[in-house]
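Asker: show me how the following folds:
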Amino acid sequence: MGEAEEKVGAAGALLRGIRGAVRAVVDYALPPRCPGCGLIVGEDRQFCLQCWSSLDFLDGPACASCSIPLPSALPGSPMACGACLASPPPFDGAPAAVAYGAVARTVALRLKYGRRTGHARLMARLMARQLAALGAPGDMLLVPVPLHRWRLWSRGFNQAALVADELARITGAPRDHHLLLRTRATASLRGKGRKERERIVGGAFALAPGAKSRTAGRNLVLIDDVHASGATLRAAARALRRSGAARVSALTWARVVPDALLAGNIFDFASLDSDMMDQAMTG
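Answerer: Numbering: from 1, shown residues only. As a prediction, this is how the structure comes out:
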């Protein structure tokens with residue numbers, strides 16, 4: 001080893017030592033906390049045992065079209081739920097990492113309204129397994145559900161785009177933030193019936209110029225934080241269907257399912273959709 005190489009090695013070791021010392025000081029002053037409850041934990045973006053145990057991972061049998069859990073279905077046998085048999089959705093599967101509950105809700109809201117952008121990495125890490133079930137990363141194109149420009153300006157970021165970026169980093173799947181456009185602002189879906197929700201978001205999405213040349217034969221995966229009523233995902237998927245893609249599916253952090261309706265946590269499905277109006281978030 002030459003003198004120059006020895007100096008580089010020594011400089012690298014010194015830099016690692018400084019980083020370790022700074023990390024120790026930061027961890028002492030600002031220790032890592034559970035993203036669900038705020039309890040001090042051992043590592044960044046790590047749940048405490050209680051919050052981790054309360055998460056309901058959606059790994060069981062599910063509808064082949066919308067991915068809602070079907071506990072009575074046999075594993076490995078494709079089945080469709082009654083809603084999809086009556087009205088097939090425009091996507092080929094819409095899995096989620098976890099069921100929507102108290103902890104999943106806190107993580108999603110702290111990302112969206114509390115500006116805890118580091119939560120996107122946590123969410124993506126737990127979503128990656130479901131993404132793998134949708135196909136090979138090289139055949140995919142991750143498409144975050146876009147915000148209207150007014151919403152983007154007021155919030156400063158698109159939480160779906162942050163999650164898509166982290167999924168791309170973890171899995172190697174490419175992503176495209178500009179493939180799908182939100183052409184108009186939409187009213188809140190809170191308290192609306194199914195037909196009214198579909199009407200509000202209908203036609204709110206369009207393909208960007210030149211999108212068809214980037215999507216032909218690809219497996220497009222819509223990325224969003226919460227799948228509640230599904231109106232937004234369906235409207236976005238219909239727009240993507242016009243691109244000539246071989247397949248369109250969706251992936252979210254949390255999915256509202258009956259088992260997630262916990263005591264004391266009653267909510268309106270529509271108010272949880274990605275179109276819901278901004279609300280104050282503290283903590």
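
Asker: show me where this protein has helices.
Answerer: Under the criterion DSSP state H, helices of the chain are mapped to 3-29, 49-54, 82-86, 102-112, 119-132, 149-155, 159-171, 194-201, 211-215, 231-241.

Asker: Thr215 contacts Gly244, doesn't it?
Answerer: Yes: with contact defined as Cβ atoms under 8 Å, Thr215 reaches Gly244; the gap is 6.1 Å. Heads up, the C-betas are built off the backbone N, CA and C, glycines and all.

Asker: so for these two, which sits in the more crowded spot?
Answerer: More crowded of Thr215 and Gly244, by other Cβ atoms under 10 Å: Thr215, with 23 against 14.

Asker: which residues touch that one?
Answerer: Residues in contact with Thr215, defined by Cβ atoms under 8 Å, 6 or more residues apart in numbering, are Leu141, Leu179, Leu240, Ser243, Gly244, Ala245.

Asker: circling back: need the helices of the chain in a markdown table (columns: mean pLDDT).
Answerer: Output for the helices of the chain, formatted as a markdown table (pLDDT from 0 to 100):
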| stretch | mean pLDDT |
| --- | --- |
| helix 3-29 | 56 |
| helix 49-54 | 95 |
| helix 82-86 | 88 |
| helix 102-112 | 95 |
| helix 119-132 | 95 |
| helix 149-155 | 90 |
| helix 159-171 | 97 |
| helix 194-201 | 86 |
| helix 211-215 | 91 |
| helix 231-241 | 94 |
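
Asker: ok, Arg234 - how many residues close by?
Answerer: Residues within reach of Arg234, counting by other Cβ under 10 Å, total 21.

Asker: what sits against it?
Answerer: Pro89, Pro90, Phe91, Glu198, Val201 are the contacts of Arg234 under Cβ under 8 Å, 6+ apart.

Asker: can you lay out those residues as a markdown table showing distance to Ala102?
Answerer: Formatted as a markdown table, the contacts of Arg234 follow (distance: Cβ to Cβ, whole Å):
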| residue | distance to Ala102 |
| --- | --- |
| Pro89 | 27 |
| Pro90 | 31 |
| Phe91 | 28 |
| Glu198 | 29 |
| Val201 | 27 |
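
Asker: ok, the nearest residue to Pro174 once chain neighbours are set aside - contacts?
Answerer: Distances taken as Cβ to Cβ, 6 or more residues apart in numbering put Leu141 closest to Pro174, at 5.7 Å, once the chain neighbours are dropped. Residues counted as contacts of Leu141 (Cβ under 8 Å, 6+ apart) are Ala173, Pro174, Arg175, Asp176, Leu179, Arg214, Thr215, Arg218, Asn219, Leu220, Val221, Ala245.

Asker: confirm for me that the first one is in contact with Asp165.
Answerer: No: look at Ala173 against Asp165 with Cβ under 8 Å: they stay out of range, at 11.0 Å.

Asker: ok, these two, which is more surrounded?
Answerer: Per other Cβ under 10 Å, whichever of Ala173 and Asp165 has more neighbours is Ala173, with 23 against 18.

Asker: so who does that one touch?
Answerer: By Cβ under 8 Å, 6+ apart, Ala173 lies in contact with Leu131, Pro137, Gly138, Met140, Leu141, Leu142, Leu167, Val221.

Asker: excluding its backbone neighbours, what's nearest it?
Answerer: Per Cβ to Cβ, 6+ apart, closest to Ala173 is Pro137, 3.9 Å.

Asker: so what's the residue count around the one you found?
Answerer: Residues near Pro137, counting by other Cβ under 10 Å, number 19.

Asker: quick check: it vs Ala124, distance?
Answerer: According to Cβ to Cβ, to the nearest Å, Pro137 and Ala124 sit 13 Å apart.

Asker: relative to Leu251, how far out is Ala216?
Answerer: 21 Å.

Asker: of these two, who's got more company?
Answerer: Between Ala216 and Leu251, Leu251 has the larger neighbour count (other Cβ under 10 Å), namely 29 against 11.

Asker: got a list of what that one touches?
Answerer: Per Cβ under 8 Å, 6+ apart, neighbours of Leu251: Ala94, Pro95, Ala96, Met127, Gln130, Leu131, Leu134, Leu167, Val221, Leu222, Ile223, Asp224.

Asker: residues contacting Phe57?
Answerer: Phe57 touches Ala97, Val98, Leu126, counting by Cβ under 8 Å, 6+ apart.
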